[in-house]
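1. Here's my sequence, what's the structure:
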Amino acid sequence: IKLPYRHRTGESKLNPLADGLRHLKLLTLLAPRLALLWPGVLLALIGVGLTVASLSQPDGLTLGEARWQPVFFAPIALVVASLLLVSYVVLAVASPLAAEASMRPRSLRRVLVVVGLGLVGAGVATNAVLFVRWVSGAEAWSRSLALAGVAQALILSGAVWVTSGFLYWLLQRQTEYGAGRDTPS
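-> Next up, the predicted model:
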């Protein structure tokens, strides 16, 4: 069957930016694994791979005649991955569309804060080791820059997790306080 094709008459009422964001929000709400989990896992793998490359090749990676220092992109990938993954975890538990929340809200808050504090602690400890070596006048490690990037990624990722735990707690309080009112929202 051949269907006739006609050019559109008139102007489109779609706004590419506003409607694109609206569709992205709907996709995230209805398919959080597709929109948050898998991109987060992919970015985490890229970040870890580039971190390992930075630690094993402190002078950078040779790409043809150029040298690339992944030490600068790796921490960014790790922090964005952390943001996507923690968003997925919170949405998977807090969303009314979640099939079954396997974790209680109090447990989720505790996990978010404990993981976050652990990440911050590891980052601060790594920075402390680098600082002590620097102050003591020890010879700089060839991997110091990569380790500093890892430390910053750990601290920032930990801050994301702790902040998410706090925001999740605030949302729980709002839900509890709002449940007693019959005002339309």
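
2. mind listing what's buried in stretch 57-76?
-> Residues of stretch 57-76 classed as buried under the neighbour-count rule (16 or more other Cβ atoms under 10 Å) are Gln57, Pro58, Gln69, Pro70, Val71, Phe73, Ala74, Pro75, Ile76. No exception for glycine: its C-beta is placed from N, CA and C like everyone else's.

3. gap between the two ends of that stretch?
-> 19 Å (Cα to Cα, to the nearest Å).

4. any chance of the buried residues of stretch 57-76 in JSON lines, with secondary structure, distance to Arg33 and pLDDT too?
-> Output for these, formatted as JSON lines (DSSP: H, G, I helix; E, B strand; the rest coil; distance: Cβ to Cβ, whole Å; pLDDT from 0 to 100):
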{"residue": "Gln57", "secondary structure": "coil", "distance to Arg33": "34", "pLDDT": "88"}
{"residue": "Pro58", "secondary structure": "coil", "distance to Arg33": "36", "pLDDT": "83"}
{"residue": "Gln69", "secondary structure": "coil", "distance to Arg33": "33", "pLDDT": "86"}
{"residue": "Pro70", "secondary structure": "coil", "distance to Arg33": "28", "pLDDT": "88"}
{"residue": "Val71", "secondary structure": "coil", "distance to Arg33": "31", "pLDDT": "86"}
{"residue": "Phe73", "secondary structure": "helix", "distance to Arg33": "25", "pLDDT": "92"}
{"residue": "Ala74", "secondary structure": "helix", "distance to Arg33": "25", "pLDDT": "92"}
{"residue": "Pro75", "secondary structure": "helix", "distance to Arg33": "25", "pLDDT": "93"}
{"residue": "Ile76", "secondary structure": "helix", "distance to Arg33": "23", "pLDDT": "94"}
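
5. Val115 - how many residues pack around it?
-> For Val115, the tally of surrounding residues (other Cβ atoms under 10 Å) stands at 19.

6. Mind checking what helix or strand follows the helix or strand containing it in sequence?
-> Per DSSP states H and E: Val115 is located in helix 105-135. Later in the chain than helix 105-135, the nearest helix or strand by DSSP H and E is helix 144-179.

7. just checking, what packs against that next one?
-> helix 38-56, helix 73-94, helix 105-135 (3 or more Cβ pairs under 8 Å, 6 or more residues apart in numbering; DSSP states H and E).

8. Quick check: buried residues in that helix?
-> 145-162, 164-165, 168-169.

9. Got the confidence number for the residue lying closest to Leu108 once chain neighbours are set aside?
-> Nearest residue to Leu108 in three dimensions, chain neighbours excluded: Val93, at 5.1 Å (Cβ to Cβ, 6 or more residues apart in numbering). With respect to pLDDT, Val93 scores 75.

10. Tell me how far Val93 lies from Gly165.
-> 12 Å (Cβ to Cβ, to the nearest Å).

11. shared neighbours of those two, anything?
-> Leu108 (Cβ atoms under 8 Å, 6 or more residues apart in numbering).
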